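Undergrad: Here is my input, please return the structure:
(one chain, ligands or ions: 1)
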Amino acid sequence: MNLLDGKLVSAKIKEDIKNEASAFTAKSGRKPHLVAILVGNDGGSETYVASKMRNCELVGFESTNIRYHVDVTEDELIAKIKEINQDPNIDGLIVQLPLPKHIDPEKITETIDHRKDVDGFHPINLGRMQRNLPCFIPATPYGIMLMLEHYGIDTAGKKAVVVGRSNIVGSPMSILLARNSNPGNCTVTLTHSRTANLKEEVLAADIIVAAIGRKHFVTADMVKEDAIVIDVGINREESTETKSGFKLYGDVDFEEVSKKSSWITPVPGGVGLMTIVGLLKNTLEAAKGTVY
Ligand code: GUN
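TA: From the prediction side, this is the model:
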């Protein structure tokens with residue numbers, strides 16, 4: 001078993017981003033600037049946004065967290081997004097998901113100027129990604145591709161099975177792995193809650209991406225010998241063992257699956273850290289104007 005070490009890879013790439021941000025600031029007289037909108041007080045979302053903000057500071061970006069009460073109206077949120085779209089001192093804007101039920105996430109996503117959509121969720125970015133054109137790639141799949149690239153893993157011709165078809169991870173991941181790119185050039189199966197014979201599908205995979213959001217869903221009996229296993233799960237459970245009061249579990253039963261896999265990501269210390277890197281890279285590109 002070889003570890004796909006998110007701690008090591010993210011630290012290395014963040015060092016590069018920091019140097020590039022410093023060059024950008026010296027040239028332009030301002031720092032790359034990311035704004036994150038957070039609605040309500042979901043514990044997971046608060047943790048993720050705080051981590052995004054902290055990492056912006058670490059690499060020399062400016063970051064602003066705008067918080068709204070859970071009762072904020074859709075119109076209020078849309079008005080704020082339109083204001084940010086017009087602000088030349090803001091490069092990237094993300095609205096943390098999930099949103100409360102009375103707010104339509106599709107409407108919010110499409111209101112964000114695609115040139116500031118560093119989450120890569122806008123249909124223009126999604127379409128351009130599918131065509132292999134310059135765009136913002138969703139942070140988690142982007143981070144996974146950077147991880148595979150870092151370790152020089154040859155994915156061409158391999159059978160990849162993605163478990164979970166979310167807009168944030170599973171669907172864009174399936175597009176990236178199938179693209180004519182490196183990493184990429186996989187034969188991809190995108191599985192979901194209605195997939196028949198899921199176990200057999202996953203067993204046939206050379207590369208498994210588990211993005212279903214269920215603790216230890218992928219067990220050793222579902223994994224082929226020497227498979228490459230990417231665990232996107234961040235399942236939080238209350239625990240007295242940790243300082244934070246929470247313990248994180250992946251979608252993969254690491255202890256058993258790691259005995260069979262050739263490469264595997266740990267949780268924590270794997271994909272989660274790479275997601276931050278994907279977001280920081282997109283924000284830097286937005287500031288530099290290299291995508292749009
Ligand atoms: N919720 C879970 N992951 C993400 C993400 O990458 N971006 C946003 N905006 N919300 C999320």
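Undergrad: And the residue of the stretch 1-150 of the chain that's closest to the ligand?
TA: Per CB to the nearest ligand atom, residue 97 is where the stretch 1-150 of the chain lies closest to the ligand, at 3.7 Å. The C-beta positions use only the backbone N, C-alpha and C, and glycine is treated the same way.
Undergrad: Check the stretch 151-292 of the chain for the residue nearest the ligand and tell me.
TA: Closest contact between the stretch 151-292 of the chain and the ligand, by CB to the nearest ligand atom, is at residue 168 (5.0 Å).
Undergrad: for that residue, helix, strand, or coil?
TA: Per DSSP: H, G, I helix; E, B strand; the rest coil, the local secondary structure of residue 168 is coil.
Undergrad: Around the residue of the stretch 1-150 of the chain closest to the ligand, how many other residues sit close by?
TA: Residues lying near residue 97 (other CB atoms under 10 Å) number 17.
Undergrad: how much space is there between the nearest residue to it once chain neighbours are set aside and residue 111?
TA: Leaving aside its sequence neighbours, residue 97 sits nearest to residue 105 (CB to CB, 6 or more residues apart in numbering; 6.0 Å). Distance from residue 105 to residue 111, counting by CB to CB, to the nearest Å: 11 Å.
Undergrad: Check residue 122 too.
TA: Distance from residue 122 to residue 111, by CB to CB: 9 Å.
Undergrad: backbone phi and psi for the residue lying closest to the residue of the stretch 151-292 of the chain closest to the ligand once chain neighbours are set aside, please?
TA: Setting aside the residues directly before and after it, residue 168 is nearest to residue 138 in space (CB to CB, 6+ apart), at 6.1 Å. Here the main-chain torsion angles of residue 138 (degrees, to the nearest 10) amount to phi -50, psi 140.
Undergrad: mind listing what residue 138 touches?
TA: By CB atoms under 8 Å, 6 or more residues apart in numbering, residue 138 lies in contact with 119-121, 168-169, 172, 278.
Undergrad: The same query, at a cut-off of 10 Å, please.
TA: By CB atoms under 10 Å, 6 or more residues apart in numbering, residue 138 lies in contact with 117-121, 125-126, 129, 166-169, 171-173, 175-176, 275, 278-279, 282.
Undergrad: Can you select the buried ones from the residues you listed in ChimeraX?
TA: Only the buried entries of the contacts of residue 138 go into this ChimeraX selection, using 16 or more other CB atoms under 10 Å:
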select :117,118,119,120,121,125,126,129,166,168,169,171,172,173,175,176,275,278,279,282
